[in-house]
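Student: Sequence and predicted model, in that order:
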Amino acid sequence: MTKTMRHILVLLIILGIVIPTGVGIVNANKIPTFDIVSVVPDEVVTIETSDFPADMKFDVLIGRYGNFGKDGTKVATQDSGKGGSFTATFNIPKELKGVEKLSIRLENKASGYYSYNWFENAVMEAKDKSATTVPVAEGEEVVYHPSFTITRVDMDKNITVSGTGFPVDMEFDVLMGEYGSTGVGGVKVSSQKTGSKGEFKATYIIPAVFKGTYKIAIRMASAKSPYYAYNYFYNATYPVAEAPAPVEATKAETPAATTKDTAVAYEGYPSFTITAVKKHVSIAIQAENLPADETFEIYMTDYDDGSAEVVKAGTMESKEGGAASATFSIPSEVQGLNQISVRLSGVKTGYFAYNFFFNADFPVEEAAPAAASTETPPPTPAPTAAP
């Protein structure tokens, strides 16, 4: 990858994902990421980080492409120092020399923080400057930061996106694939022209092969540019269409309804926080802004890469709507996972919310101080006279 390549990791936040729950988490509102700055094939790779927590030691793993670096060889321990942004260079393991694509992962298992990326173990051709850069001054160039958000989903039919920061007047392939693949090798669904400002809004059809799929990755890439962006979406209708307003009857036909009988239009979206965790056993949640008279099904799966089976963990009723609290057992199928995602899915309205938690006791109970002795100490004997 070239120096100007930016590996764009876009986390879709349709509904309120809140600060991760767990012990020892600091600056949890920021997600650590890193870009590949340069590669000397079979020798070293250099990275540049962003939003890393301070004063943490990260294991650096390099492995074959396709498993997020989890099965990689540990090549170093990297101290994050002041955190934020820093650069570092790591040796490529001898056993991986000649491998075409490699993944690299930085992780701190004690805190749960991790970040991963991948790179081609080869010298990349120089990017097409006429297509991807605009001269500003001698020796300077514009670096693009392409990204896109999902603004609408019609379940099993199509999605609408809004893109920004793309190289201007270029065509990008639009690919959809399995969640966790970042769209690499996905099904091409369209070609997207970026326009004179590198911005666009477009709608793409969801391929029939992905109908019924829980989560889908989407990627935009071009053979003429090193830039790309990816995202993912839940294959559920979003936003949910509002019910038509009731027709107001005339005073002559019916008396005015009482305040109690007047339907209140639902606004916003449901959300929830994880308030307690018993490792391998259960979680407690506090939900807010639930629609009235709805049944929510609760699902859990692997937060890390979505490879685990999606398991139903229970249901929750929101008769009056608004706030509600509940406790759910962690299904045996996901009890051994380090991080678990939770989804509330409305049966009638289609409204949903999701979050995740670290599978560790939270909050941690502090040990009670040792009780003071209530026994009266024996009197100190009087000193005896020297003989």
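Tutor: Here it is on my side, so go on.

Student: any idea how this protein splits into domains?
Tutor: As assigned by automatic domain parsing, the chain contains the domains 8-120, 129-234, 271-358.

Student: Please point out the stretch among those with the lowest average pLDDT.
Tutor: Ranked on mean pLDDT, the bottom entry among the domains of the chain is domain 8-120, at a mean of 78.

Student: Please work out how many residues are found near residue 204.
Tutor: 16 (other C-beta atoms under 10 Å). In this view, the C-beta of every residue, glycine as well, is placed from N, C-alpha and C.

Student: so who does it touch?
Tutor: 158, 159, 161, 174, 176, 189, 190, 218 (C-beta atoms under 8 Å, 6 or more residues apart in numbering).

Student: Distance from the chain centre to stretch 271-279, please.
Tutor: 17 Å (C-alpha atoms, centre = their mean, to the nearest Å).

Student: related to what we said a few turns ago, which among the contacts of residue 204 gets closest to residue 118?
Tutor: residue 218 (17.8 Å; C-beta to C-beta).

Student: Just say helix, strand or coil for the closest one.
Tutor: What DSSP: H, G, I helix; E, B strand; the rest coil gives for residue 218 is strand.

Student: on that earlier part again, would you reformat the domains of the chain as JSON lines and include distance to residue 265?
Tutor: Shown next, in JSON lines, are the domains of the chain (distance: least, C-beta to C-beta, whole Å):
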{"stretch": "domain 8-120", "distance to residue 265": "19"}
{"stretch": "domain 129-234", "distance to residue 265": "20"}
{"stretch": "domain 271-358", "distance to residue 265": "10"}
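
Student: related to what we said a few turns ago, could you flag which of the contacts of residue 204 are buried?
Tutor: 159, 161, 174, 176, 189, 218 (16 or more other C-beta atoms under 10 Å).

Student: about what we covered before: make a markdown table from the contacts of residue 204 and add secondary structure to it.
Tutor: Formatted as a markdown table, the contacts of residue 204 follow (three-state DSSP):
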| residue | secondary structure |
| --- | --- |
| 158 | strand |
| 159 | strand |
| 161 | strand |
| 174 | strand |
| 176 | strand |
| 189 | strand |
| 190 | strand |
| 218 | strand |
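
Student: out of the residues you listed, who's nearest residue 109?
Tutor: Among the contacts of residue 204, and counting by C-beta to C-beta, the member closest to residue 109 is residue 218, at 30.4 Å.

Student: correct me, but that closest one touches residue 175?
Tutor: Yes - with contact defined as C-beta atoms under 8 Å, residue 218 reaches residue 175; the gap is 7.0 Å.

Student: Spell out which residues are contacts of both of those two.
Tutor: 183, 186.

Student: for this protein, what spans make up the helices?
Tutor: For the chain, helices defined by DSSP state H occupy the ranges 129-132.

Student: thinking again about what came up before, turn the buried ones among the contacts of residue 204 into CSV, columns for distance to residue 108.
Tutor: Formatted as CSV, the buried ones among the contacts of residue 204 follow (distance: C-beta to C-beta, whole Å):
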residue, distance to residue 108
159, 35
161, 33
174, 35
176, 33
189, 37
218, 30
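
Student: Just the closest of those residues to residue 210, please.
Tutor: residue 176 (6.3 Å).

Student: Could you give the bridge partners of the closest one?
Tutor: Using DSSP bridges, the beta-bridge partners of residue 176 come out as residue 187, residue 218.
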